[in-house]
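Q: Provide a 3D model corresponding to the input given below.
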Amino acid sequence: MKFITKQQNKTTCKYKLLNKITIYKKEKFISCKAYYILGFMFLKKRIKPNRQTTYLFGLKIKDKKFNLVPKILPYANGKDFIYYCFHTGDFYYLCQIIKVNMDKFKNTVIITNFKELKQVLYLFDFNEDWINEHFVVVPKLWYFSYALHCKSDGSIISEMELDHEKGWIVNGKLQKENGKYLPINRVIQNFIGINNIAKPQLTDSQISKNNTIFIMPESQFNGNLDIKILTDLVNNLINLGYKVAINTNSNRYDSLLSDDVYKIFLPYKETFNFVCNCEAIIGVRSGLFDCLQELVNLNVKCFVIYQNQKYPHYKFFKKFHFWFTQVYSFNKINNCEIYNEYFTIEEFTSLNNNINSNLTNKEKTHA
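A: Residues are numbered from 1 along each chain as shown. This is a model prediction of the structure:
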């Protein structure tokens, strides 16, 4: 046995004595670096796109700020701009605001490093010419979990960040009131400076329900649904007489496919139109679910699973699960109680029973 061994994975490097005692450890996440000796953290660097702070034994010893506007401004083409380094779900609420306030934002450029966000603009039926002129993708401008709203001269109107230890922060203020975190739509409204907005109509198509259940078992942020839970869920739905459409472009669920179960993977707008006719959505909380949440108003029942999983860079967020359920609960976002939400593994066990009581039994049919 080696006297000192090195163990390393994607985020952590350890040096162990006789393969038992960790004498030194380094953790490297997207938002911080931490260094330990004999289990005690002696050095920590909090990393943000616009700031880096260094702590020695818990005391701040260095605080360096960065001005990102000069690097972004050239891509605005002389217009006001919103720089937005967030994924689909968070972008959805920004699009909501812009769509119903188009007179205010018609000359505003959206700058991002995520080309897939364009799908959300199509979902809201933004004009194609406006998208081509005002949606700018610059992959190299990757300032994680950060947004800026600026005038054409580069002066900052508003600034927003997702602090991976504290939560959402807008213009230096933690988005929290009366001991509770604000839901994500309120956070984005505070960032853009428009509150209590009307919601745009996402569809005016004719709705004709079929006996299909749409399942979304995958989430980049919240993890994929356990295959056993999904298998039990699918079997239960088939026994109730439903067809099942699984939203995936992978082969991880191919063992479940049959005459009653098939895969589907479409752009957001086409997915929305497809699910309009489904009886229900069942899925892990994801950005795509944000884009489909309005379907509950078209009598599509929504069963939302929050898996209490998190990326490693949230390690130092002590109240992460409480924050997540406060910020991203659809019932809190929409100030209602019409979404069926499951926040713990224990609650998942009641999922099938709730489905049985919420969905009408149908005689099983075959294609």
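
Q: Residue 269: how many residues sit nearby?
A: Neighbour count for residue 269, taken as other CB atoms under 10 Å: 18. The C-beta positions use only the backbone N, C-alpha and C, and glycine is treated the same way.

Q: which element is the residue nearest to residue 92 when sequence neighbours are not counted on?
A: Using CB to CB, 6 or more residues apart in numbering and skipping the chain neighbours, the partner closest in space to residue 92 is residue 290 (4.4 Å). Using DSSP states H and E, residue 290 falls within helix 287-292.

Q: Past that helix, which element shows up next along the chain?
A: Following helix 287-292 toward the C-terminus (DSSP H and E): strand 301-305.

Q: what's that next one packed up against?
A: The contact analysis (3 or more CB pairs under 8 Å, 6 or more residues apart in numbering; DSSP states H and E) places strand 301-305 against strand 280-284, helix 287-292, strand 340-342, helix 351-358.

Q: Roughly how far does the residue nearest to residue 92 sit from residue 44?
A: 33 Å (CB to CB, to the nearest Å).

Q: Going by how many neighbours each has, rank those two and give me the top one.
A: Neighbours around residue 290 and residue 44, counted as other CB under 10 Å, are more numerous at residue 290. The numbers are 23 against 19.

Q: Now do the contacts for that one.
A: Shown in contact with residue 290 (CB atoms under 8 Å, 6 or more residues apart in numbering): 88, 89, 92, 93.

Q: most surrounded residue in those residues?
A: Neighbour tally across the contacts of residue 290 (other CB under 10 Å): the maximum, 25 neighbours, falls on residue 92.

Q: Are we agreed that it is in a helix?
A: Yes - counting by DSSP: H, G, I helix; E, B strand; the rest coil, residue 92 falls inside a helix.

Q: contacting residues for it?
A: Residue 92 is in contact with 120, 123, 287, 290, 291, counting by CB under 8 Å, 6+ apart.

Q: Pick out the most distant pair among those residues.
A: 123 and 287 (11.4 Å; CB to CB).

Q: quick one: which of those two has more around it?
A: Legend: neighbour count by other CB under 10 Å for residue 123 and residue 287, higher for residue 123 (25 against 21).

Q: How about the contacts made by that one?
A: With contact set as CB under 8 Å, 6+ apart, residue 123 has these partners: 92, 95, 202, 268, 269, 272, 291.

Q: so how many other residues sit close to the residue nearest to residue 310 when sequence neighbours are not counted?
A: Spatial nearest neighbour of residue 310, excluding adjacent residues (CB to CB, 6+ apart): residue 320 at 5.5 Å. Other residues near residue 320 come to 18 when the count uses other CB under 10 Å.

Q: State the distance from residue 320 to residue 162.
A: According to CB to CB, residue 320 and residue 162 sit 12 Å apart.

Q: how far is the lowest-mean-pLDDT helix or strand in the chain from where the chain is centred?
A: When each helix and strand of the chain is scored by mean pLDDT, DSSP states H and E, helix 345-348 comes last, with a mean of 75. Relative to the chain's own centre, helix 345-348 is displaced by 21 Å; criterion: CA atoms, centre = their mean, to the nearest Å.

Q: Show me what counts as buried in that helix.
A: Residues residue 348 are the ones in helix 345-348 that count as buried (16 or more other CB atoms under 10 Å).

Q: May I have it exported as CSV, CA atoms only?
A: Taking C-alpha atoms only, helix 345-348 is exported to CSV below (Å, rounded to 0.1, in the frame of the first residue of the first chain):
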residue,chain,number,x,y,z
ILE,A,345,-39.1,10.7,-2.4
GLU,A,346,-41.8,9.8,0.2
GLU,A,347,-44.3,11.8,-1.7
PHE,A,348,-43.5,10.0,-5.0
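
Q: what residues does it touch?
A: 229, 305, 307, 308, 342.
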